[in-house]
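[1] Need coordinates for the following:
(one chain, ligands or ions: 1)
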Amino acid sequence: MPSPKCPLIAGNWKMHGTLPEARDLVAAILRALPGLGGARLLLLPPFTVLAEVAKLIGGTSVELGGQDLFWEDKGAFTGEISGPMLRDAGCRYVLVGHSERRQHLGETDATVNLKVRAALKSGLKPIVCIGETLEERRAGKVSAKVDAQLEEGLRGVTAGEVGQVILAYEPVWAIGTGETATPAQAAEVHTHIRGRLAENYGNGPASCAIILYGGSVKPANSYALFKEKDIDGFLVGGASLDADAFFGIAREALRADREKK
Ligand code: PEP
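    Purely as a prediction, here's the structure:
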């Protein structure tokens, strides 16, 4: 099993993946897995294929998460999925506050916070997505934006719990656009986030925290991004639907990781 210190490469399939497509993609991933060595791979498929993907990856090092959850465990919330349901389907992780949900589905920092706390209560590791829009970057408001998202999103999360939280810095302007933050731009924000965690929770939890970068990551840019010291892995959207690209990213991250150590 890869150690928790290995690069974490999470694949957000978004709203892609019928059952046959999911089976094909997982089969390709499992074929390539023995040659990888080291990286932790996490798949975040749509709800409808979670149970099938859980079955297919059972007994391997590949991990599973949901793309969202609701904050109540059960009840009259038509269309929603709860933390216990995700656990039941084999998940150990869940995305919270992805910018596409903030943009199209009314997600706010307040609902992100409810979801983070619900995930922790259910024994799921929330992957909390934060990041600025292009307008906010141009206005010099990157730190203010991520600070506010951290403050609100993690409100009430204790020092004992924060080790279960993964953060994903995803500049909104880089998601699905082909535009990537430069390694220096990403590193600056990652270091800022780690600093904030240190102020709020102390140096120990901050140095152990996993902070992913997301936004048009591909094999060609993952080495340079991962070389930056505060980048611990990637949240990959589009490229995670292609097993070759997904593994290319993981291999480049591992190469950079070996050079960092
Ligand atoms: C994402 O879905 O979180 C993401 C970063 O998408 P993409 O890699 O396609 O930009």
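
[2] Can you show me the strands along the stretch 1-150 of the chain?
    For the stretch 1-150 of the chain, the strands defined by DSSP state E, counting those that start in this stretch cover 8-12, 40-44, 63-66, 93-96, 125-130.

[3] doesn't L167 make contact with I193?
    Yes - in this structure I193 lies within contact range of L167 using C-beta atoms under 8 Å: 6.0 Å. Any C-beta I mention is one placed from the backbone N, CA and C, and that applies to glycine too.

[4] intersection of neighbour lists for these two?
    The contact sets of I193 and L167 overlap at I130, L150, I211 (C-beta atoms under 8 Å, 6 or more residues apart in numbering).

[5] And the residue of the stretch 1-150 of the chain found nearest the ligand, how far from L44?
    Using C-beta to the nearest ligand atom, the single residue of the stretch 1-150 of the chain nearest to the ligand is N12, 4.1 Å away. Separation of N12 from L44 (C-beta to C-beta, to the nearest Å) stands at 5 Å.

[6] neighbour-wise, which of I193 and L167 wins?
    More crowded of I193 and L167, by other C-beta atoms under 10 Å: L167, with 27 against 22.

[7] In the sheet, which residues pair with the more buried one? Tell me.
    V128, I211 (DSSP bridges).

[8] so what's it up against?
    Counting by C-beta under 8 Å, 6+ apart, L167 touches I127, V128, I130, L150, I193, A209, I210, I211, L212.

[9] can you pull out the helices in the stretch 151-261 of the chain?
    In the stretch 151-261 of the chain, helices defined by DSSP state H, counting those that start in this stretch lie at 183-201, 203-208, 219-226, 243-260, listed in chain order.

[10] Near the closest residue to A27 other than its chain neighbours, how many other residues are there?
    Closest residue in space to A27, ignoring its immediate chain neighbours: L56 at 7.6 Å, by C-beta to C-beta, 6 or more residues apart in numbering. Neighbours of L56 under the rule other C-beta under 10 Å: 20.

[11] so L56 touches D24, yeah?
    No - L56 is beyond contact range of D24, at 10.6 Å (criterion: C-beta under 8 Å).

[12] contacting residues around the residue in the stretch 101-250 of the chain that the ligand sits nearest to?
    The stretch 101-250 of the chain approaches the ligand most closely through G237 (2.1 Å), counting by C-beta to the nearest ligand atom. Contacts here follow C-beta under 8 Å, 6+ apart; on that basis G237 touches N12, K14, I175, G176, G214, S216.
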